[in-house]
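[1] Fold the stuff below for me.
(one chain, ligands or ions: 2)
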Amino acid sequence: MASASSANTILTPPLTSSSSSSPSNKSSHLSFLNSSTSNISLKLSHSHSLSRPRSQSLVVANILKIVESPELSFSESRDLEFVSSKSKPTILVSEKLGEAGLELLRSFGNVDCSYNLSPDELCSKISLCDAMIVRSGTKVTRQVFEAAKGRLKVVGRAGVGIDNVDLQAATEFGCLVVNAPTANTIAAAEHGIALLASMARNVAQADASMKSGKWQRNKYVGVSLVGKTLAVMGFGKVGSEVARRAKGLGIHVIAHDPYAPADRARAIGVDLVSFDQAISTADFISLHMPLTPTTSKIFNDETFAKVKKGVRIINVARGGVIDEDALVRALDSGLVAQAALDVFTEEPPPSDSKLVQHENVTVTPHLGASTKEAQEGVAVEIAEAVVGALRGELSATAVNAPMVPAEVLSELAPYVVLAEKLGRLGVQSVAGGSGIKSVKVVYRSARDPDNLDTRLVRAMITKGIIEPISNSFINLVNADFTAKQKGLRITEERVVVDSSPDYPFDSIQLQISNVESKFASALLENGNISIEGRVKDGIPHLTRVGSFSVDVSLEGNLILCCQVDQPGMIGRVGNILGEHNVNVSFMSVGRTVKRTKAIMAIGVDEEPDKDTLKKIGEVPAIEEFVFLEL
Ligand SMILES: NC(=O)c1ccc[n+]([C@@H]2O[C@H](COP(=O)([O-])OP(=O)(O)OC[C@H]3O[C@@H](n4cnc5c(N)ncnc54)[C@H](O)[C@@H]3O)[C@@H](O)[C@H]2O)c1
Ligand SMILES: O=C(O)[C@H](O)COP(=O)(O)O
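    Numbering: from 1, shown residues only. Ligands and ions are numbered 1, 2, ... in the order given. Here you go, the predicted model:
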């Protein structure tokens, strides 16, 4: 019984696809990142034969892989051996990457290490690449995604900051962006501490002075760290490691981060404070926030005016968070006593940069992540992420796609198959000329609506609706974006029902409004086309068409007939199919009132030819029928 519901509207304008166009014969298999170059086939381990229902097997395999094998029966990803059918995927590595990562990439694909490419060179190469790996030196712009012509499926950022990748463009082009967020944290934190200590004691300046033959002991008197206050701006991975180390040096640490949990700060013994409080009380300010539109030039004339006079600033985050001209002014006026910078707005900065040349500034050429250990770690971390993504695995470090934990994915697997098939059935039920503009998805579940993750299911419904009628390729990265582009508005409703909470969904229903139906019996009283499915024993079933209950497994293809409810109908239609050598896999009849109207749902292994379908249509008691490809 329905006890609660919540609706979530995502998208707007009209989809003007020609729904009369017959669905292309695309595979109904699923993949998270289905490569247009699908050039790898899967060799299955024979140790796992059909130990799970076939439909679930297909989705597990296909969500996890970029490739589709017609022979696919069942296997977990670890049981699959990738063999090259035409060619291996090509992975461009555009900046230096640790050898262990390169080895891993080479074991999977063709690796093209081309460093220092100009933007034009990158654009001309990229259409030959399935993936690319960059560090901070390569700008992955919209032009790069355009030039890729749909082939580029994954951009791997061998490091944390993804400000050099146009994420919006990546998403629009269905390209997954993954990063390596953890392996260089300690290196960056250590570099921050190194800059802090060397700046406080003028190490770099004194070194340069001595090498020029001078001995200036009085000039390079430093400041002590103990008892001073350090403001960590951005209390994430690097920031908290810097804080931990600074506390070990006897420094009092405060932090500002609008999103950091207070208990994490407390655990390290750090007070979270406001931005103004942090900058106005600190003797040292260390920057560790990402470069975003909000943080861009967050340190500017106005903020420098609020700092404690003589503050010292360390930046191992991104140059763009500081207005560099304003920093020069603050250094000249003495508001800022010193700065130690590893990162710059433009990298490398111009050789005549006033900031770089400033006598109170210590600089390093973006070395934060550059330790042997970090580079090997980052290389392996990103290689694993890119290979996983090319295989179609949902990535734990995806930057522009929802991350779905493995256990959730496995639970959702059969529902994902169901979702795409409902989408495909839905779009084929729409009569020509009336484009789909609005789809409502009703999830019935015993679970708390707030804990129902529908992103993957919704993406697959979108895939099922859009792919058969367009050239679009839909995956989890671009599903919402593409739907919006096509003017498809999807609303979701979650209804709590009294069923088993062991399963994420009791049923999934698709209602398509403001369209004409090819099969009038699929219409509800409100005029919406309605089809509903469930997963039974791991296999997706169609369980309701319009207001008729049916029960047919969603495998092979489907014929829906509406007929007068009278004896002999199953036999007659069955005979016609048998005479034409069409094997029936399932058959189910549903009716609302005895001896009035009934719906017959027939699963067929083969596609009936026109003649067979015509004969079914000629059976006098059959009022309408439709053939639907799954
Ligand atoms: N110099 C280097 O070689 C090097 C190496 C590693 C990381 N980095 C850079 O350091 C930065 C931090 O990396 P991380 O791994 O700690 O990332 P992170 O995501 O773990 O931490 C960033 C933190 O900044 C916070 N933040 C966001 N907006 C903020 C704001 N307006 N004010 C204050 N805090 C804000 C976030 O909540 C988050 O906690 C990134 O920009 C990264 O690119 C540089
Ligand atoms: O964001 C990062 O991970 C660092 O800035 C490191 O960048 P790099 O890979 O270019 O050294």
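[2] CA only for contacts and neighbour counts going forward, please
    Will do.
[3] Show me which positions of stretch 148-155 end up buried.
    148, 150-155 (16 or more other Cα atoms under 10 Å).
[4] Specify the local secondary structure of residue 279.
    helix (DSSP: H, G, I helix; E, B strand; the rest coil).
[5] follow-up on the earlier one: relative to residue 163, which of the buried residues of stretch 148-155 is nearest.
    Using Cα to Cα, residue 155 is the member of those that lies nearest residue 163, at 12.8 Å.
[6] circling back to that earlier point, farthest-apart pair in the buried residues of stretch 148-155, please.
    Largest pairwise distance in these, by Cα to Cα, is 12.7 Å, between 150 and 155.
[7] Run through the residues that contact residue 384.
    101, 104 (Cα atoms under 8 Å, 6 or more residues apart in numbering).
[8] Just to be sure, it is in a helix?
    Yes: secondary structure of residue 384 (three-state DSSP): part of a helix.
[9] Excluding covalently adjacent residues, which one is nearest to the closest residue to ligand 2 within the stretch 501-630 of the chain?
    The nearest approach of the stretch 501-630 of the chain to ligand 2 comes at residue 504, 37.2 Å away (Cα to the nearest ligand atom). Excluding its sequence neighbours, the residue lying closest to residue 504 (Cα to Cα, 6 or more residues apart in numbering) is residue 445, at 6.3 Å.
[10] Report the contact partners of the residue of the stretch 451-600 of the chain found nearest ligand 2.
    As assessed by Cα to the nearest ligand atom, ligand 2 sits closest to residue 477 within the stretch 451-600 of the chain, at 22.3 Å. Applying Cα under 8 Å, 6+ apart, we find residue 477 in contact with 171, 174-176, 400-402.
[11] Same question for residue 424.
    By Cα under 8 Å, 6+ apart, the neighbours of residue 424 are 461, 464-465, 468, 629-630.
[12] one step back: burial count for the residue nearest to residue 504?
    If you count neighbours by other Cα atoms under 10 Å, residue 445 ends up with 24.
[13] is it true that it touches residue 509?
    No: with contact defined as Cα atoms under 8 Å, residue 445 does not reach residue 509; the gap is 11.5 Å.
[14] got any residues that touch both of the two?
    By Cα under 8 Å, 6+ apart, no residue touches both residue 445 and residue 509.
[15] The residue nearest to residue 504 and residue 464, how far apart?
    Using Cα to Cα, to the nearest Å, residue 445 is found at 22 Å from residue 464.
[16] remind me which residues of the protein are low pLDDT?
    1-86, 394, 403-406, 432-434, 592 (pLDDT under 70).
[17] From the domain annotation, what segments belong to each domain of the protein?
    90-179+375-391, 185-363, 409-628 (the TED database).
[18] For whichever strand or helix holds residue 531, list the C-alpha coordinates in CSV.
    When elements are assigned from DSSP states H and E, residue 531 belongs to strand 529-536. The C-alpha trace of strand 529-536 is given here as CSV (Å, rounded to 0.1, in the frame of the first residue of the first chain):
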residue,chain,number,x,y,z
ILE,A,529,1.2,5.2,-21.7
SER,A,530,2.1,3.0,-18.8
ILE,A,531,4.4,-0.1,-18.6
GLU,A,532,5.6,-1.6,-15.4
GLY,A,533,8.2,-4.2,-14.6
ARG,A,534,9.6,-6.2,-11.7
VAL,A,535,12.6,-8.3,-11.1
LYS,A,536,11.8,-11.9,-10.4
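[19] can you list contacts of that strand?
    In contact with strand 529-536 (Cα under 8 Å, 6+ apart) are residues 414-415, 418, 422, 425-426, 429-430, 505-513, 515, 517, 522-524, 540-547.
[20] So which of these sit within helices?
    414-415, 418, 422, 425-426, 429 (DSSP state H).
[21] quick check, nearest of the contacts of residue 424 to ligand 1?
    residue 461 (31.9 Å).
[22] Can you tell me how far the nearest residue to residue 628 once chain neighbours are set aside is from ligand 1?
    Closest residue to residue 628 apart from its sequence neighbours, by Cα to Cα, 6+ apart: residue 558 at 5.1 Å. Using Cα to the nearest ligand atom, to the nearest Å, residue 558 is found at 49 Å from ligand 1.
[23] what about residue 558, how many neighbours?
    By other Cα under 10 Å, neighbour count at residue 558 equals 28.
[24] I figured it hits residue 600, correct?
    No: Residue 558 lies out of contact with residue 600 (Cα under 8 Å); the separation is 10.1 Å.
[25] out of the domains of the chain, nearest to residue 369?
    Nearest of the domains of the chain (Cα to Cα): domain 185-363, 5.3 Å.
[26] what distance separates the start and the end of that closest one?
    Rule used - Cα to Cα; the end-to-end distance of domain 185-363 is 20 Å.
[27] Tell me if that domain is near ligand 2.
    No: Domain 185-363 is not in contact with ligand 2 by Cα under 6 Å from any ligand atom; minimum separation 6.7 Å.
[28] what packs against the helix or strand encompassing residue 461?
    According to DSSP H and E, residue 461 maps onto helix 455-466. Packing partners of helix 455-466 (3 or more Cα pairs under 8 Å, 6 or more residues apart in numbering; DSSP states H and E): helix 406-429, helix 479-485.
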